[in-house]
Structure formats: structure tokens, C-alpha cells
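Engineer: Mind looking at a prediction? Sequence and model below.
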Amino acid sequence: MKRLVVTSAGKGTSVADCTIEVETVPTPTPKSGEVLVKVTAAPINPSDYGSWYLSKADSYPIVMGLEGCGVVVATGGGLTTYRCPVGTKVGFVCGGGKQGSYSQYVTMNAITEIFPMPDDVPIEDCASFMVNPYTAVGILDTSQQAGSTKAIVHTAAASQ
């Protein structure tokens, strides 16, 4: 399979300085409790590109992409994989830095790293669920739990 990796930060002053390459690696095989996801779409988030040029020199190459969406195409077995059987549309979050969403396939923990999407939601809508929408839901939930919040001030200045 193919995936994108940042092989160098260049001057390390901006994303434009980075060297990005297509890397060919074996398609990952899901272990027990994991699923193999064929990636459909992946957004670009500030949390992604900051690491591309601000990381230490010995951390390269860096696999690209922290979140995305796709379809489960295989499972590694185990009870947890029944949550998202083959054919399920999912959103996912990559952890650990060994896999990135700018890949053709990723293996994900069936409980902690993916979430099934309703059949009536277009698959591409799953791609950027975690950054902006989930952050907004979290802010509203936190303010509601605090009990004393009477107003929320929101700006788009730091958004994509």
C-alpha cells in the first residue's frame, strides 16, 4: 500500500519547507480486537501540519494524518470487532505515530480508535468529525456540567 510521510522539515520554518514523499509499505494486518480500514478521506488539521515541521530531526520520517474515515474491510477477530463488522463506515483517530490517515489502509483498535457512522451519513462527513465538531460538543458539554455558565464566547479565529 502507499502512504504519505514527511521525510524532512527542511528549514523548519513552515509547512512549505517540508519534504513529503510517497512510501510503499506492506498493508497492515489487523490483530485480535482490531479492524482494517480502507481509507476514504482524511482532513488536514493544524495539529497535523504543526508536527510536520516542528518535530526534532530524529523523529523523521513522520507518517501523515491523525484522523480520517473509511470502510472496515477485514477484522482480526475477537469480540470487540463485532462493534464494527466488515462493511461498516467508520471515522477513526490514529494513535501512536506508526500509522497515518494519509494511507490507503490503517488498522485500528475496534473500541478505542474508531466510531461507526450511521448509514444515512455520507462517508466523507466522517473525515473531520474529531477536530472542530467534536471540540464544539465538548465545550458545550463542559459548560453545561459546570452549572454556572451563562454565556459562551466563540470565535473562528483559530479554526481552519
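Structural biologist: Arrived safely, thanks for sending. Fair warning: this is a prediction, and the values are worked out from it, not measured in the lab.
Engineer: C-alpha only now, for contacts and for neighbours.
Structural biologist: Fine.
Engineer: List the residues that contact the residue nearest the centre of the chain.
Structural biologist: Nearest to the mean C-alpha position of the chain, by C-alpha atoms, centre = their mean, lies residue 67 at 1.1 Å. Going by C-alpha atoms under 8 Å, 6 or more residues apart in numbering, residue 67 touches 42-43, 91-94, 100-101, 127-128, 130.
Engineer: got the contact list for the closest residue to it other than its chain neighbours?
Structural biologist: Using C-alpha to C-alpha, 6 or more residues apart in numbering and skipping the chain neighbours, the partner closest in space to residue 67 is residue 93 (4.4 Å). By C-alpha under 8 Å, 6+ apart, the contact list for residue 93 reads 66-68, 113-114, 130.
Engineer: ok, now residue 108?
Structural biologist: Contacts for residue 108 (C-alpha under 8 Å, 6+ apart) come out as 30, 34-37, 92, 94, 114.
Engineer: does it belong to a helix or a strand, and which?
Structural biologist: Element membership for residue 108 (DSSP states H and E) is strand 105-109.
Engineer: Now that strand: buried residues?
Structural biologist: 105-109 (16 or more other C-alpha atoms under 10 Å).
Engineer: show me where the protein has strands.
Structural biologist: Along the chain, counting by DSSP state E, strands occupy 2-8, 19-24, 34-41, 62-63, 67-75, 89-93, 105-109, 114-116.
Engineer: Need those in CSV (columns: distance to residue 82).
Structural biologist: Formatted as CSV, the strands of the chain follow (distance: least, C-alpha to C-alpha, whole Å):
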stretch, distance to residue 82
strand 2-8, 28
strand 19-24, 30
strand 34-41, 10
strand 62-63, 28
strand 67-75, 9
strand 89-93, 13
strand 105-109, 12
strand 114-116, 11
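Engineer: Output those in a markdown table; the columns should cover distance to residue 56 and mean pLDDT.
Structural biologist: Below are the strands of the chain laid out as a markdown table (distance: least, C-alpha to C-alpha, whole Å; pLDDT from 0 to 100):
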| stretch | distance to residue 56 | mean pLDDT |
| --- | --- | --- |
| strand 2-8 | 10 | 93 |
| strand 19-24 | 15 | 94 |
| strand 34-41 | 28 | 96 |
| strand 62-63 | 11 | 90 |
| strand 67-75 | 22 | 94 |
| strand 89-93 | 23 | 90 |
| strand 105-109 | 25 | 95 |
| strand 114-116 | 29 | 89 |
